[in-house]
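Novice: Would you be able to build a 3D model of this:
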Amino acid sequence: MPRREIASPGEAAIAEDAEASFRYLMDTAPVMIWVSGADKLCTWFNKPWLEFTGRTMAQERGDGWTAGVHPEDRERCLDIYGSHFDRRVPFRIEYRLRRADGEYRWLLDTGVPRFTADGVFQGYIGSCIDINALKQEELGLKDTVVSRDMALDALDRIAGGIAHEFKNLMNAFVGTLWFIRKSADDPNAVRQRAEDAEMAVVQAGQIIEQLLATVRHHPRSETIRVNQLVADMRGILCGAAGARVRLEMDLVAAPDDAIVDPAHLQAALLNLVTNARDALAEGGTVTIETRNVTVRPESIDEPDFAPGRYILLTVRDTGGGMSDEVLQHAFEPFFTTKEGVGGTGLGLSQVRAFARHAGGTVRIESAPAKGTAVRIYLPHATSTFGDRGK
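Specialist: Numbering: from 1, shown residues only. Take a look at the predicted model:
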C-alpha cells in the first residue's frame, strides 16, 4: 500500500488502522493471494500463502517464490506469467508448489492486472486454489479428462471472480487513500476519509466472506432496504470511482425493500462503478439511481423475467458508450474491450447471473458518445413470483 502524508498523528492512526484492517481481510481469505508490482516482482503474499509454503515474506518477495515451484514446472510457469504480464492481460497457470511439509501440490493460479483510475499499470493480483485432488484423478483415470476439464473451468471462474473482486476492492481502498493524501492540510477531511476507508474495509470483508460462502452453498436472499445499502457503500464506491469521477446518488424508491442477496448486490455495484470509471478516462459523472417500476407483460422479452413490481437500480455514466456490436457480447463471460486497462470480462456476466438468480434481470442502454446505463431489476419485497402477473 502507498504511504500517505497525514495532517496529525490522530488521523495517521485512523488511516493505519484502516490499512491494517484491509490486510487482515486479505489474510483471512480462504485462498492464497499474491500481489506484484509493475516490474514483475512480487511485493506481498497473504497469510494462507505463507502458511502453505512455510516461508517468510522476505523469502517469497521478488522472485523468491519461484524457489518453491516444481523444477519441471518452473520454466513453463514463468513463461506464461511473463508473456501475459507483458501484454497486461489475465492469465491462468497450473503448477506444482512445494508445501511446508515438502510435498508438491498442484495449484490453479489466476492473475489479473491492476491499473490506477488514470490507466497506469501497477502490476497484478492473483489467487490460488489447491487442485491436487483433481490432478491426481486425471493422472490415475484417463477417461475422466472431460469431467476434470469441466471442474477446472468452474474453479477457474471462481478463482478469477475472487481475484476480480479483490482487485476492485483494492482499487477502491487505494482511491480513498489518495483522497487522504490530497486532504493532508484539512484534519477534518482526513479523518472523514480515513473513517470512510475503514468502513469500506469492513464492507469489503462482508462482500468477500458472503461471496465465498456462496461458492460452498447457495446464494441467500433476504429483504433489504436498497437505498440504505447503496448509501452505506458511498465511501467504497467513491474510492472505486477515483479522483476524476464525480459520484452522484439519486435514491428515490420508496418503499425500497427488495428480496436479494446483499453481498451480491454490493459486489454488482462495485463492479458497475469500476466499469464506469474505466469508461471515464478523462473524467465525468457516475450516477446511481433507484426507482420503483412496474414491468408489464407486453414489455417482457426474456423467458425467466416475470411481469410485476421491481426496484430498478441504475448505474449511469457519461462515458463514450458502446457500439451495437459490443452490446451484443457485453454479458459473455471473459468478453472485454479493456485488455489495455485490466479488463477480465467477468463483471457484467457476474452482475447478470446475480440478478437472474434473484428473479430479476439486467438491461443495458448505451450508444457511442452517449454514455452507458446498466439497469438492474430487483424483485420488490411486496411482490412474489406467484402474484407478479396479477
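Novice: Residues in a beta bridge with the residue nearest to Trp65 when sequence neighbours are not counted, which ones?
Specialist: Closest residue to Trp65 apart from its sequence neighbours, by Cβ to Cβ, 6 or more residues apart in numbering: Cys42 at 5.8 Å. From N, CA and C alone the C-beta is placed, and that goes for glycine too. Beta-bridge partners for Cys42, by DSSP bridges, are Ser36, Gly62.
Novice: Touching, Cys42 and Asp63? I think so.
Specialist: Yes: with contact defined as Cβ atoms under 8 Å, Cys42 counts as touching Asp63 (7.3 Å).
Novice: who has more neighbours, those two?
Specialist: Applying other Cβ atoms under 10 Å to Cys42 and Asp63 shows that Cys42 carries more neighbours, namely 22 against 12.
Novice: contacting residues around the residue nearest to Trp65?
Specialist: Residues counted as contacts of Cys42 (Cβ atoms under 8 Å, 6 or more residues apart in numbering) are 34-36, 60-65.
Novice: same thing with Val374?
Specialist: 272, 275, 314-316, 348, 351, 362-364.
Novice: hang on, it is in a strand, isn't it?
Specialist: Yes: under DSSP: H, G, I helix; E, B strand; the rest coil, Val374 sits within a strand.
Novice: okay, now the residue nearest to Glu282 when sequence neighbours are not counted: neighbour count?
Specialist: In space, and not counting its chain neighbours, Glu282 is closest to Arg244: 7.4 Å by Cβ to Cβ, 6+ apart. As a burial measure, Arg244 scores 13 neighbours (other Cβ under 10 Å).
Novice: Just among the contacts of Cys42, which is most surrounded?
Specialist: When neighbours are counted by other Cβ under 10 Å, Ser36 leads the contacts of Cys42 with 24 neighbours.
Novice: I'd assumed Gly123 was in contact with that one.
Specialist: Yes: using Cβ under 8 Å, Ser36 is in contact with Gly123, at 4.3 Å.
Novice: what is in contact with these two at once?
Specialist: Thr43.
Novice: Give me the below-cutoff pLDDT ranges for the stretch 251-390 of the chain.
Specialist: 253-255, 303, 332-347, 383-390 (pLDDT under 70).
Novice: now the strands for it?
Specialist: 257-260, 284-295, 308-317, 361-366, 372-379 (DSSP state E, counting those that start in this stretch).
Novice: can you redo these as TSV with distance to Asn46?
Specialist: TSV is the format used below for the strands of the stretch 251-390 of the chain (distance: least, Cβ to Cβ, whole Å):
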stretch	distance to Asn46
strand 257-260	30
strand 284-295	30
strand 308-317	30
strand 361-366	32
strand 372-379	31
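Novice: Could you say which of these is packed most deeply?
Specialist: Neighbour counts (mean count of other Cβ atoms under 10 Å) averaged over each of the strands of the stretch 251-390 of the chain peak at strand 257-260, with a mean of 24.
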